[in-house]
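Colleague: For reference, the sequence and a predicted model appear below.
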Amino acid sequence: MTLICGAGAFGTALAVTLAQNGPVTLWARDADHAAEMQASRFNDRRLPGIALPEAITVVSGEVPGGDAPCLLAMPMQTLGGFLSDHHDALGSRPLVACCKGMDLATGLGPTGLIAQTCAEATPAILTGPSFARDIALGLPTALTLACADAAIGQRLQSTLTTPTLRLYRTTDTTGAELGGALKNVIAIGCGAVMGAGLGESARAALMTRGFAEMNRLAHALGARPETLAGLSGFGDLALTCTSAQSRNYGYGKSLGRGEDFDRSVTVEGAATARAVLARARALGLDMPITHAVTALVSGELRATEAMDMLLSRPLKEE
Ligand SMILES: NC(=O)C1=CN([C@@H]2O[C@H](COP(=O)(O)OP(=O)(O)OC[C@H]3O[C@@H](n4cnc5c(N)ncnc54)[C@H](O)[C@@H]3O)[C@@H](O)[C@H]2O)C=CC1
Ligand SMILES: O=C(CO)COP(=O)(O)O
């Protein structure tokens, strides 16, 4: 049995693909939503049009106990609260974060938060280039499964691989979670560039210099360069900065056009930009794109002003 907490688009998509391997329990925060899904066999609120296989049971209330791995598929800024609220039920099993970002309150990534809040559990993270709908439709997808405990990571890799979802494993949790967190920040910037009509060449420059920035922070925090070059870093950066399916990219595009954006949509890069900037400042690191995106998101700068700020920086070696 696999337990997935968080019945948004991603949690539901993971439940659909993992149902090919055996029973899945999908835990939803909202009791009405859980009852609606269990009865209709659809998640109309977050992933419409995808039928839930019979192997999925949707529950709410107490998080089910047990030793089976638990996937945590809720937005990053809600993870800390969820872990504290359900600490006892989560117990000592592997907890696989499926969220992307950096916690504003602590500056920690998902595995750091798990380690801090649920000390008996084994933290892991599942991350990389994938849209929930693609996974749910059974389109081929490859992700990174990171767990510092190599043996548990290997077990998770085989449990969570499905015929269409291929997992690669690493023990570098820091690198894997930083890739997923930072690519969303850069994607907001790329969306803003495109929304403001600054062109595809400017977007390519921002992606490349953004990748340099991701590597700078990752290096300072002890991550391995090959992790950043893999699915969870470069792979997810490429997908999110170029796809109209991405909510971070779409949000950036609205900012670039000066249009409103639906506030109920999950856009992880907005809070994460602020968290990353604070962390970088504490480490004495220069992260100009993250700085520009933070100013854009807070309304301090428009996209063209943010680009002017980046272009007027002193010339330097690549
Ligand atoms: N949607 C996608 O294509 C992908 C999403 N992700 C990541 O998955 C995470 C979740 O995103 P989505 O599922 O897309 O978001 P979503 O907006 O579709 O759904 C978020 C879900 O989290 C639940 N939630 C909110 N606060 C909660 C709390 N305190 N406790 C428990 N549940 C809570 C909401 O009820 C909602 O069902 C994000 O970090 C995102 O970056 C990763 C890869 C792909
Ligand atoms: O993480 C994702 C793709 O890998 C989903 O991106 P968005 O959250 O921007 O939609």
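Modeller: That came in fine, so what should we check first? Note that this is a predicted model, so its numbers are computed, not measured. Ligands and ions are numbered 1, 2, ... in the order given.

Colleague: and A176, what is it in contact with?
Modeller: 125, 127, 144, 146, 170, 227, 232 (Cβ atoms under 8 Å, 6 or more residues apart in numbering). Every C-beta, even on glycine, is put in place using the N, C-alpha and C of the backbone.

Colleague: Not counting sequence-adjacent ones, nearest residue to it?
Modeller: A146 (3.7 Å; Cβ to Cβ, 6 or more residues apart in numbering).

Colleague: isn't the one you found right up against T170?
Modeller: Yes: using Cβ atoms under 8 Å, A146 is in contact with T170, at 4.9 Å.

Colleague: can you list residues touching both of these two?
Modeller: Joint contacts of A146 and T170 (Cβ under 8 Å, 6+ apart) are 153, 176, 227.

Colleague: Show me which of these is closest to ligand 1.
Modeller: Checking these against ligand 1 by Cβ to the nearest ligand atom gives A176 as the nearest, at 12.4 Å.

Colleague: Correct me if wrong, but that closest one is in a strand.
Modeller: No: counting by DSSP: H, G, I helix; E, B strand; the rest coil, A176 is not part of a strand but helix.

Colleague: Between the two ends of stretch 35-45, how far is it?
Modeller: With Cα to Cα, to the nearest Å applied, stretch 35-45 spans 13 Å between its terminal residues.

Colleague: What are the contacting residues of that stretch?
Modeller: The contact list for stretch 35-45 (Cβ under 8 Å, 6+ apart) reads 7, 9, 12, 26, 28, 33, 48-52, 57-60.

Colleague: who touches the one residue sitting closest to the centre of the chain in this structure?
Modeller: Geometric centre of the chain, nearest residue: K100, 2.2 Å, by Cα atoms, centre = their mean. Neighbour list for K100: 76, 127, 177, 180-181, 183-184, 236, 268, 272 [criterion: Cβ under 8 Å, 6+ apart].

Colleague: do that again at 6 Å, thanks
Modeller: Residues in contact with K100 (Cβ atoms under 6 Å, 6 or more residues apart in numbering) are 180-181, 184, 268.

Colleague: Out of those residues, which is nearest to ligand 1?
Modeller: E268 (4.5 Å).

Colleague: Pretty sure M102 is one of the things the closest one touches, is it not?
Modeller: No: contact criterion Cβ atoms under 6 Å: E268 and M102 do not qualify, at 9.2 Å.

Colleague: Can you tell me the element M194 falls in?
Modeller: Assessed by DSSP states H and E, M194 sits inside helix 173-195.

Colleague: of all of the protein, which residue lies closest to ligand 1?
Modeller: Closest point on the chain to ligand 1, by Cβ to the nearest ligand atom, is G8, at 1.9 Å.

Colleague: Many thanks, I have nothing further to ask.
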